[in-house]
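A.B. asks: for reference, the sequence and a predicted model appear below.
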Amino acid sequence: MASPHYPDGTVRALLQTDLVTEATRAALLPRLDTSEYTPQFFDEATYELLRAVAARIYPQPERPEPIELAPVVDKRLAQGDSDGWRYDAMPPDREAYRLGLGGINQAAQVLFQRPFGHLSEPQQDQVVAAVANGTAPGENWQHLPIDRFFEELLAELAEAYYSHPLAQEEIGYVGMADVPGWHRIEPNQLEAREPEEVKP
């Protein structure tokens with residue numbers, strides 16, 4: 001079954017209205033900025049590795065310009081932010097990312113004798129699949145729980161993707177326009193500002 005499709009521009013239009021708080025608008029509008037990002041935490045090579053990994057976990061072939069997910073991770077780590085908890089088997093986030101991304105490159109070297117960024121997309125997918133199923137080779141995985149790392153990576157990239165206004169438009173989400181509250185809460189009811197699915 002095809003995924004529902006919603007009209008383009010819905011969230012971008014709402015962000016210009018009083019239906020969105022100033023704080024929400026200030027958080028979301030910068031995410032539409034497509035200017036080149038300079039990494040603040042990772043060195044250039046590691047940042048490009050994260051970009052390449054993110055592009056295979058969340059490929060976006062339908063978009064002329066993909067939503068960049070790596071800047072969200074890089075900014076968070078640079079600022080030292082976290083969600084306030086971590087698995088007791090995991091090191092702090094900065095160390096986890098250094099080990100985990102290094103482990104991905106080690107796996108690429110063992111499996112294909114080249115770094116991850118030099119592999120074809122099908123080869124990159126094989127490396128990501130090996131990390132996802134916990135079979136990726138590499139010294140770093142002796143020091144980092146591979147399953148927990150992939151779970152954390154997947155969750156953070158998903159959060160970064162769906163917190164972007166263009167991804168929210170894609171799924172018809174307008175929860176950011178919450179100033180008037182929500183009154184039509186029964187099944188199959190929509191507020192006037194909620195987009196309706198476009199039927200083919």
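C.D. replies: Okay, I see it. Numbering: from 1, shown residues only.
A.B. asks: please make it C-alpha for all contacts and neighbour counts, starting now.
C.D. replies: OK.
A.B. asks: residue 120: neighbour count?
C.D. replies: Residue neighbour count, defined by other C-alpha atoms under 10 Å, stands at 10 for residue 120.
A.B. asks: equivalent analysis for residue 46, please.
C.D. replies: Neighbours of residue 46 (other C-alpha under 10 Å): 17.
A.B. asks: I would like the residues contacting whatever helix or strand it lives in, please.
C.D. replies: For residue 46, the host element (DSSP states H and E) is helix 44-57. Residues outside helix 44-57 that contact it (C-alpha atoms under 8 Å, 6 or more residues apart in numbering): 39, 68-70, 74, 101, 116-117, 121, 124-125, 128, 154, 157.
A.B. asks: let's go with 7 Å and repeat that
C.D. replies: With C-alpha atoms under 7 Å, 6 or more residues apart in numbering as the test, helix 44-57 has contacts from 39, 69, 70, 101, 117, 125.
A.B. asks: how close does the first one get to residue 74?
C.D. replies: Okay, so that is residue 39. 6 Å (C-alpha to C-alpha, to the nearest Å).
A.B. asks: out of these two, which sits in the more crowded spot?
C.D. replies: Comparing residue 39 with residue 74 by other C-alpha under 10 Å, the one with more neighbours is residue 74, at 21 against 17.
A.B. asks: burial measure for the nearest residue to residue 86 once chain neighbours are set aside, as a count.
C.D. replies: Nearest residue to residue 86, sequence neighbours excluded (C-alpha to C-alpha, 6 or more residues apart in numbering): residue 92, at 7.6 Å. Neighbourhood size, residue 92 [other C-alpha under 10 Å]: 14.
A.B. asks: swap in the one 10 residues further on?
C.D. replies: Other residues near residue 102 come to 20 when the count uses other C-alpha under 10 Å.
A.B. asks: who's in contact with it?
C.D. replies: residue 140.
A.B. asks: tell me the phi and psi of it?
C.D. replies: Backbone geometry at residue 102, expressed as degrees, to the nearest 10, gives phi -60, psi -40.
A.B. asks: cool, thanks, signing off.
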